[in-house]
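Asker: quick check, what structure comes out for this input:
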Amino acid sequence: MEIIESVTMQRRHFLRTTCATAASMSVQANATAAHAMPQEIIDTHQHLWDPVGINPPWLQSAPEKIRSRHHLAEYRQATDGLRVTAIYMEIDVAPADLNREAEQVIALCQDAKSGTVAATIGGRPDDAGFSTYVKRHAASDKVRGVRQVLHGAGTPAGHCLRPEFVNGVRFLGSQGLHFDLCMRPGELKDGVALAKECPSTRFVVDHCGNADVTASAAVMGQWKRDMDALAALSNTICKISGIIARLPGGRDPLDLAPIVNHCLDVFGPDRVVFGGDWPVCLIGAPLKTWIETLAQIISNRPAEAQAALWANNARSFYQIG
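Answerer: Take a look at the predicted model:
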């Protein structure tokens, strides 16, 4: 799933700072935690899974810390003390489990006590039965979009530009649904081409385009240019999410600031949303650490822009009442 292929070997515990002594580390950690935390969060990227029920194929080779059950009770523990509304994000299940996953999450969204109010479900836009599948589940009024992870080992570059795939994504636009772009950073040009081919479909660029803080200057330069090209299209928004899971142990989480700031600058304050990417984020840090880090990174931006990122843009884009 997102970034797991590139972080499986990075299992060391996440270090929040690189302070010289334990005392100074404590002071800095407390200062970060005390930073202005958002009063409201709409988490547009909530994963939930229980391997006893639906067991995604990739989960067995994922880092051990995320292989177990991570469902609603565990998510509530991870967000304790925060005012959070969640939007479910599909978990890259086997094709045979797509209908079952969609049915389960729609039922969850219909439970007013769950705190999960809408969903981006999994789907295969190039499947012959895609339109029937989408109509069946979108009838619930809880489905906002569809995602197919495009960076898996079995998905080659350019897959999303196949005519059948393009037609499926165009169909989403005709139904008022969006498509999430979750792809290798080196293939963002394919995302640009797809968005141009489907001008009536809205696109969400997941995980800051899957930017890698450890990448070379040349690779990051190309990532910036590709993100600029995506941002230049009127039918795209960017999800600030996922990148903390790539952070190697020992790196300061604030090293993610250049990635975040570039996305915020090129997409603008009205076309960015927050995503927790829990529990995948645990590969790098707890969800609250990601929230605290992002709060510090954006602390110098206008209060209105901060509120837009944390909740207001998502409320509009995902039509959360």
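
Asker: use CA for all of it now, contacts and neighbours both
Answerer: Will do.

Asker: just the helices from this protein, written as ranges.
Answerer: 4-7, 22-33, 72-78, 98-110, 130-138, 163-174, 188-197, 207-210, 217-231, 257-267, 287-297, 303-307, 313-317 (DSSP state H).

Asker: least reliable of those helices going by mean pLDDT?
Answerer: Of all these, the minimum mean pLDDT falls on helix 22-33 (a mean of 37).

Asker: export the helices of the chain to JSON lines and tack on mean neighbour count and distance to Gly275?
Answerer: Putting the helices of the chain into JSON lines (neighbours: other Cα atoms under 10 Å; distance: least, Cα to Cα, whole Å) gives the following:
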{"stretch": "helix 4-7", "mean neighbour count": "16", "distance to Gly275": "17"}
{"stretch": "helix 22-33", "mean neighbour count": "14", "distance to Gly275": "19"}
{"stretch": "helix 72-78", "mean neighbour count": "14", "distance to Gly275": "13"}
{"stretch": "helix 98-110", "mean neighbour count": "18", "distance to Gly275": "18"}
{"stretch": "helix 130-138", "mean neighbour count": "17", "distance to Gly275": "22"}
{"stretch": "helix 163-174", "mean neighbour count": "19", "distance to Gly275": "22"}
{"stretch": "helix 188-197", "mean neighbour count": "20", "distance to Gly275": "19"}
{"stretch": "helix 207-210", "mean neighbour count": "27", "distance to Gly275": "8"}
{"stretch": "helix 217-231", "mean neighbour count": "17", "distance to Gly275": "18"}
{"stretch": "helix 257-267", "mean neighbour count": "18", "distance to Gly275": "12"}
{"stretch": "helix 287-297", "mean neighbour count": "21", "distance to Gly275": "9"}
{"stretch": "helix 303-307", "mean neighbour count": "15", "distance to Gly275": "14"}
{"stretch": "helix 313-317", "mean neighbour count": "18", "distance to Gly275": "10"}
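
Asker: need those helices in CSV (columns: distance to Thr44).
Answerer: Below are those laid out as CSV (distance: least, Cα to Cα, whole Å):
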stretch, distance to Thr44
helix 4-7, 19
helix 22-33, 22
helix 72-78, 13
helix 98-110, 13
helix 130-138, 18
helix 163-174, 19
helix 188-197, 20
helix 207-210, 11
helix 217-231, 19
helix 257-267, 16
helix 287-297, 13
helix 303-307, 14
helix 313-317, 7
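
Asker: ok, residues contacting stretch 91-100?
Answerer: 1, 47-49, 54-57, 101, 122-123, 133, 148-149 (Cα atoms under 8 Å, 6 or more residues apart in numbering).

Asker: circling back to that earlier point, looking at the helices of the chain, spot the one closest to Tyr88.
Answerer: Among the helices of the chain, helix 98-110 comes nearest to Tyr88, with 7.4 Å by Cα to Cα.

Asker: helix 130-138 and that closest one, what's the angle between them?
Answerer: 20 degrees (axes from the mean of the first three to the mean of the last three Cα atoms, to 10 degrees).

Asker: so how far is helix 98-110 off the chain centroid?
Answerer: Distance, stretch centre to chain centre, for helix 98-110: 19 Å (Cα atoms, centre = their mean, to the nearest Å).

Asker: just the C-alphas of it, formatted as CSV.
Answerer: Output of helix 98-110 as CSV, limited to C-alpha atoms (Å, rounded to 0.1, in the frame of the first residue of the first chain):
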residue,chain,number,x,y,z
LEU,A,98,-13.8,-4.9,-2.9
ASN,A,99,-17.5,-5.2,-2.6
ARG,A,100,-17.2,-6.5,1.0
GLU,A,101,-14.9,-3.7,2.0
ALA,A,102,-17.3,-1.1,0.5
GLU,A,103,-20.3,-2.6,2.2
GLN,A,104,-18.6,-2.7,5.6
VAL,A,105,-17.4,0.9,5.5
ILE,A,106,-20.7,2.2,4.2
ALA,A,107,-22.4,0.6,7.2
LEU,A,108,-19.7,2.2,9.5
CYS,A,109,-20.4,5.6,8.0
GLN,A,110,-24.1,5.1,8.5
